[in-house]
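Novice: Build me a model:
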Amino acid sequence: MPDRDHTTPATARPLVGPPRSPPAPDAPPAATVAPAPSPPITGMVTFLSSRRRDGPWQVPPHLRVANIMGTVELDLRQALVSPGDTTIEILTVFGTVEVIVPPGVSVDCDGDAVVGTFELHADHTVTGAGASAPGAPKLRVTGRAYMGSVSVRVRGPDERLLARIGRSLGLRG
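Specialist: Alright, predicted model coming up:
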């Protein structure tokens, strides 16, 4: 078996940033650099229980949620979201998962349901969910719901309070 050279060729360049200049002829050979690790996948599991995340909290770039016969509520309205795309991957069995997203976030909701629901609720007249600005955070919600439900709702910070006031005044049904 031939011996293989595992050094970085002089023409290699990083995926991001400007290209490197070729090394000087008398320069020592470049050290091999390991690729940057991909962002970690963080997860939460609920079984016959409930879990709620709200207020200021750091959302990882990839969050996995496994929910069995429980309830999970993820409120992202005050959350710190990493730049770029954020993915929330959900599996729920006989349970409910609700993701609350602030207006202005681009949301892609793509999941499957078996005897359940997997849906995006956005009231464009109140929250402006369809009008996310260029460069706005992007959220992708994927997964499966088996005899359970996954709801992604676009809400402003005071919409629950306004809804309660409206109901108490008889303005909303």
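Novice: Quick check: chain neighbours aside, which residue is closest to residue 41?
Specialist: Using CB to CB, 6 or more residues apart in numbering and skipping residues adjacent in sequence, the residue nearest residue 41 is residue 62, 4.5 Å away. In this view, the C-beta of every residue, glycine as well, is placed from N, C-alpha and C.
Novice: quick check: mean pLDDT across the longest helix that the chain contains?
Specialist: Longest helix of the chain, by residue count under DSSP state H: helix 159-168. Per-residue pLDDT over helix 159-168 has a mean of 72.
Novice: begin at 302 from here
Specialist: With the count now opening at 302, the last piece we talked about shows up as helix 460-469.
Novice: And stretch 384-398, end to end?
Specialist: 24 Å (CA to CA, to the nearest Å).
Novice: Please identify the buried residues of it?
Specialist: Of the residues in stretch 384-398, 387-394, 396-398 count as buried by neighbour count, 16 or more other CB atoms under 10 Å.
Novice: tell me the average confidence for it?
Specialist: Per-residue pLDDT values over stretch 384-398 give a mean of 93.
Novice: what does it contact?
Specialist: Around stretch 384-398, the neighbours that count as contacts under CB atoms under 8 Å, 6 or more residues apart in numbering are 347, 360-375, 400, 412, 417, 438-452.
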